[in-house]
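Visitor: next one to model:
(4 chains)
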Protein chains: 4
Amino acid sequence: METNKIKVKLEAPMVQARYQYAIDVMLTRLRMIDADLTKKNERPLIRNLCSRIKTAESIVKKLERKEREVTFETAVNTLNDIAGVRVVCYFADDIYQIADAVRRQKDFTIVKEKNYIRKPKKSGYQSLHLIVEVPVTYLDKTTAVRVEIQIRSVAMDYWAELDSQMCYKKDAGQLEAVEKATKQYADVIAGVDKKMLELRKKIQKM
Amino acid sequence: METNKIKVKLEAPMVQARYQYAIDVMLTRLRMIDADLTKKNERPLIRNLCSRIKTAESIVKKLERKEREVTFETAVNTLNDIAGVRVVCYFADDIYQIADAVRRQKDFTIVKEKNYIRKPKKSGYQSLHLIVEVPVTYLDKTTAVRVEIQIRSVAMDYWAELDSQMCYKKDAGQLEAVEKATKQYADVIAGVDKKMLELRKKIQKM
Amino acid sequence: METNKIKVKLEAPMVQARYQYAIDVMLTRLRMIDADLTKKNERPLIRNLCSRIKTAESIVKKLERKEREVTFETAVNTLNDIAGVRVVCYFADDIYQIADAVRRQKDFTIVKEKNYIRKPKKSGYQSLHLIVEVPVTYLDKTTAVRVEIQIRSVAMDYWAELDSQMCYKKDAGQLEAVEKATKQYADVIAGVDKKMLELRKKIQKM
Amino acid sequence: METNKIKVKLEAPMVQARYQYAIDVMLTRLRMIDADLTKKNERPLIRNLCSRIKTAESIVKKLERKEREVTFETAVNTLNDIAGVRVVCYFADDIYQIADAVRRQKDFTIVKEKNYIRKPKKSGYQSLHLIVEVPVTYLDKTTAVRVEIQIRSVAMDYWAELDSQMCYKKDAGQLEAVEKATKQYADVIAGVDKKMLELRKKIQKM
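Guide: Just a heads-up that it's a prediction; the model follows:
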């Protein structure tokens, strides 16, 4: 069956190794960016980094949900988040400093940007997403591998975790009421990010 | 010299191993507590766990600051936080569910409790501290080893990190102004914890 | 179906947490044993420690292979290796020092011992196996949880890895020839362990 | 003082980050090489990978021992092993397959090779060393950073660990006798590698 074939191809060690390579390059570059920005700002900006490769199973689900062909080629060519990196930073404006440093890496190509901070998702979800092509060299070939970077503040990250905990409630048929409430969470979060920023700027001027 | 002697004794592999044992038992027990509470609450309570053994260097500094004798015996007998575990949970009321489960472990003895949530430190610091004696068995002997557990919400944890980033500003002579500002951070944080709690309770009633 | 029921029960967070607790206690105790023996022998004995909880899938397979009932109760009551710890040490005689220290822990109960060093398996496999009951306390109850400890030398560990790499060759119908060859590996390994031991004893006498 | 100045410079976050970047690229590339070779050989070649950045303290010691100037520039320009990666593989001939794959990476430059297998050190030490320049890109600049790769078999790795355990005996004045004995260890090890290789080739022909 199609589903089985795509899984075998996606789980092939060389395919996994290539995505892992792209993630590792991104993580280690972000650590350099943090070392650099920490010096400039006299405080660390990145609180933590994590990463994942999307499982074959959820790749298949996503293709089906989007009504695309369930093949290895469609997955690799049309999905931008097979390799994903998440950056959590202390303040809301740190997000833009980090994104800017990513954009200025000469060997990276920014394929796409989505600013879910300026324009949150309906659920209330906030983050800055960059789709970046990272060069992966092996033997005499260099391939561009796409990595999705999600950059967000501590508060936005907290919200995203609470939201995913609420899923079972949504499934239980109270969709609308839950969405209204999580939207309110999101507003509280946005409020705290704004106030924290004002306070930090006040302190910096001292 | 005294300082050297205490360091050698504190860094002895068997001494380190005993504190590590107490920490490991505490961490693994907290994971059982979380599995249990997750089932009861239908959502996870603990967001993350971490631990550390205080370095010989900071043990010496603490003894000096407190004007106590700088000896191995004084350190082991009078300092409660040589072994430390931190628990970060999603909501402010989760703290008390977790503390309660720790108190109900028949092999643990609660030596002391400090509620810096009801009564924050002057700096604005909030957390619930438990000093717990954990039985450490080796060969035919069982010793009680003290572990300090700090339980706090995501928001309180975020505040504590920002506060430690501010230290250099305080050292730079602007103590009072910075303290006033971090106090304001603390109030924003306390406000967000309160609102998040109200919202969660509203959702739970749906 | 039975298979599904047993999987759900085995994967329940509290069941997993209980086995993990027993493993963690064993690992941290072995680290204390190593700290102790390192001091006595003036060299480390344990090279590395690792652990695993058997997956629900391989528990089901093992019950089927042994023609036992495929139920949660049969698994928990009759299988001794659901929680497993592996200890790799530098020299063949280190194995007995470590086993002896495990036996002398007053809160552990040795349920069974298998000496596959004195009497290797037909395949050539060598290790000392101890089945140990570890007390797991939660709230006001203490349960005895079984952990299988495999203790082996670096050479025996190397052999075991090569043997598992050979599996596909055995499946490919060359069972007898491969078994004969891996048996020869085992003899080489046993030889190296013996010589290394002699040399070490010579050095110790210097 | 000189010693302090070099330490501060070596421990600067951006300097550490650059060496870490080179190590990460090397590790992740070696994982791709292993995925590739595993497929070709129908068995894994690499048993484990580890890495370290040399501490400022041991960099200073090495410069002093080699009677070079104790400056940051001398360290960075003349020491090849500030960033180090160790590869342990199952069989002695795996070493050359791995080294060959490293040599064929178009973006790496091999600066130096030392074959301590063909020509073991006086102590008996065996390994293949490659000094490789890895491109480290940050913003619009690419720098070549040197990494030392040590490739060895399980047996050679075991020997190296035993040898370092013997150090205190050597310091205790029995240099010559210990060296003779460790040399004998080395011969046993070389013997086992040879026999294992013969056996594997026999099995492969089946």
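Visitor: give me the neighbour count for the residue nearest to residue A:43 when sequence neighbours are not counted.
Guide: Leaving aside its sequence neighbours, residue A:43 sits nearest to residue B:165 (CB to CB, 6 or more residues apart in numbering or on different chains; 5.0 Å). From N, CA and C alone the C-beta is placed, and that goes for glycine too. Burial measure for residue B:165: 15 neighbouring residues, criterion other CB atoms under 10 Å in any protein chain shown.
Visitor: list the contacts for residue B:165?
Guide: A:43-44, A:90 (CB atoms under 8 Å, 6 or more residues apart in numbering or on different chains).
Visitor: can you check residue A:82 too?
Guide: Contacts of residue A:82 were listed using CB under 8 Å, 6+ apart, and they are A:19, A:53-54, A:59, A:75-76, A:146.
Visitor: and those, which is closest to chain C?
Guide: residue A:53 (20.5 Å; CB to the nearest CB).
Visitor: that closest one against residue A:18, yeah?
Guide: No: counting by CB atoms under 8 Å, residue A:18 is not a contact partner of residue A:53; they are 10.0 Å apart.
Visitor: more neighbours: which of these two?
Guide: Between residue A:53 and residue A:18, counted using other CB under 10 Å, the more crowded position is residue A:18 (20 against 17).
Visitor: greatest separation within the contacts of residue A:82: which pair is it?
Guide: Farthest-apart pair in these is A:59 and A:146; separation 13.4 Å (CB to CB).
Visitor: in chain A, which residue is closest to the centre?
Guide: In chain A, the residue lying closest to the centroid (CA atoms, centre = their mean) is residue A:150, at 2.3 Å.
Visitor: what about the helix or strand harbouring that residue and chain B, any contact?
Guide: Residue A:150 is part of strand A:141-153 when elements are defined by DSSP states H and E. No: Strand A:141-153 does not reach chain B (CB under 8 Å from any CB of the partner chain); its nearest approach is 9.5 Å.
Visitor: pull out the buried residues from that strand.
Guide: A:145-153 (16 or more other CB atoms under 10 Å in any protein chain shown).
Visitor: what's that strand packed up against?
Guide: Counting contacts by 3 or more CB pairs under 8 Å, 6 or more residues apart in numbering or on different chains; DSSP states H and E, strand A:141-153 is packed against helix A:13-41, strand A:83-89, helix A:94-103, strand A:128-138.
Visitor: sheet partners, orientation included, of that strand?
Guide: Strand A:141-153 has its sheet partners listed here by DSSP bridges as strand A:83-89 (parallel), strand A:128-138 (antiparallel).
Visitor: dump the ones you listed into TSV; add mean neighbour count and mean pLDDT as well.
Guide: Formatted as TSV, these follow (neighbours: other CB atoms under 10 Å in any protein chain shown; pLDDT from 0 to 100):
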stretch	mean neighbour count	mean pLDDT
strand A:83-89	23	98
strand A:128-138	20	98
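Visitor: re the thing from before, most surrounded residue in the contacts of residue B:165?
Guide: When the contacts of residue B:165 are compared by neighbour count (other CB under 10 Å), residue A:90 ends up highest, at 21 neighbours.
Visitor: show me what contacts it?
Guide: By CB under 8 Å, 6+ apart, residue A:90 lies in contact with A:43-45, A:47, A:153-154, B:158, B:161-162, B:165.
Visitor: keep only those of these that are in helices.
Guide: Judged by DSSP state H, the subset of those located in helices is A:154, B:158, B:161-162, B:165.
Visitor: which of these lies closest to chain D?
Guide: residue B:165 (15.2 Å).
Visitor: if I look at the closest one, what pLDDT would I see?
Guide: pLDDT for residue B:165: 82.
Visitor: next structured bit after the helix or strand of chain A with the lowest mean pLDDT?
Guide: Every helix and strand in chain A was compared by mean pLDDT, DSSP states H and E; the lowest is helix A:167-169, with a mean of 67. Using DSSP H and E, the next helix or strand after helix A:167-169 towards the C-terminus is helix A:175-205.
Visitor: can you tell me the average pLDDT over that following helix?
Guide: On average, the pLDDT along helix A:175-205 is 84.
Visitor: surely residue A:116 touches residue A:123?
Guide: No: the criterion here is CB under 8 Å, and residue A:116 misses it with residue A:123 at 10.0 Å.
Visitor: what parts of chain A come near chain B?
Guide: So chain A meets chain B at A:42-44, A:47, A:90, A:154-155, A:158, A:161-162, A:165-166, A:168-169, A:174, A:177-178, A:181, A:184-185, A:188-189, A:191-192, A:195-196, A:199, A:202-203, A:206 (CB under 8 Å from any CB).
Visitor: out of those residues, which are buried?
Guide: Here, 16+ other CB under 10 Å leaves A:43-44, A:47, A:90, A:154-155, A:158, A:162, A:166, A:169, A:178, A:181, A:184-185, A:188-189, A:192, A:195-196, A:199, A:203 buried among the residues of chain A next to chain B.
Visitor: who in chain A is up against chain D?
Guide: Contact residues, chain A versus chain D (CB under 8 Å from any CB): A:13-14, A:16-18, A:20-21, A:24-25, A:27-29, A:31-32, A:35-36, A:38-39, A:101, A:104-107, A:137-140, A:142.
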